[in-house]
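Sharing a model that was predicted from the sequence below.
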Amino acid sequence: MNALMYGLGLLAFSFLSGQFLGEELGVWLGVKANVGGVGFAMIILILAKDFLEKKNLVNEDFKKGIDYWNMMYVPVVIAMSASQNVKVAVSSGFLAIIAGVVPVVLVFMFFPYLVQKLKPKN
C-alpha cells in the first residue's frame with residue numbers, strides 16, 4: 001500500500017503540472033480551454049519516472065506504485081476527456097460527429113490487416 005502512495009504523489013505532480021501547461025497553452029493560443037493538459041501530464045509522468053530510475057532514486061515499492069498509476073491514469077483520463085469531447089461534438093453539429101466517426105471506422109477497418117501483418121510467424 002505504501003508503494004501506491006509514492007506513485008500517487010508523482011501522478012498528482014504530473015497531473016497538476018500538465019493541467020497548468022494546458023491552461024497556459026490555451027491562453028497563449030487565445031482559446032478558452034485546456035489545450036493538451038492530459039498529454040502534458042502523461043509526458044511529465046513518463047519523463048519523471050525515467051529520470052528517477054536513471055538516477056537510482058527509486059526503490060522497488062516506488063517503481064510498483066508508479067507502474068500501477070501509469071496503468072490506471074491513461075484509461076481513466078482518456079475516458080473522462082472522451083466523454084467531454086462527445087458532448088461537445090454532439091452539440092456542435094453534424095460535421096463534428098462525422099469528424100469523430102470517420103477515423104474510428106477507418107481504424108476498425110485497418111485493425112484486422114494490422115493484426116495479420118504483425119502476427120508472429122511460426
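Arrived safely. As the structure is a prediction and not an experimental result, all values here were calculated from the model. Residues are numbered from 1 along each chain as shown.

Name the spans of this structure whose pLDDT lies under the cut-off.
For the chain, the stretches with pLDDT under 70 are 1-4, 73-74, 77-92, 95-97, 99, 122.

mind listing the helices for it?
Taking DSSP state H, the helices of the chain run over residues 2-29, 37-54, 60-92, 94-118.

Turn these into TSV, columns for mean neighbour count.
Just so you know, the C-beta spots here come from the backbone N, C-alpha and C atoms, and that holds for glycine as well. TSV is the format used below for those (neighbours: other Cβ atoms under 10 Å):
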stretch	mean neighbour count
helix 2-29	16
helix 37-54	16
helix 60-92	14
helix 94-118	10
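
Contacts only, for the closest residue to residue 66 other than its chain neighbours.
Leaving aside its chain neighbours, residue 66 sits nearest to residue 7 (4.4 Å; criterion: Cβ to Cβ, 6 or more residues apart in numbering). Contact partners of residue 7, counting by Cβ atoms under 8 Å, 6 or more residues apart in numbering, are 62, 64-70.

can we see that at 10 Å?
Contact partners of residue 7, counting by Cβ atoms under 10 Å, 6 or more residues apart in numbering, are 45, 49, 58, 61-70, 72-73.

Between these, which sits nearest residue 117?
Taking Cβ to Cβ as the measure, residue 117 lies nearest residue 70 of the contacts of residue 7, at 28.1 Å.

Just give the nearest non-adjacent residue to the closest one, would you?
Here the residue nearest residue 70, using Cβ to Cβ, 6+ apart, is residue 45, at 6.6 Å.

What of residue 62?
Per Cβ to Cβ, 6+ apart, closest to residue 62 is residue 6, 4.5 Å.

I figured the one you found hits residue 64, correct?
Yes - at 8.7 Å, residue 6 counts as touching residue 64 under the criterion of Cβ atoms under 10 Å.

so what sits against both of those two?
Here residue 6 and residue 64 have residue 58 as joint contacts, going by Cβ under 10 Å, 6+ apart.
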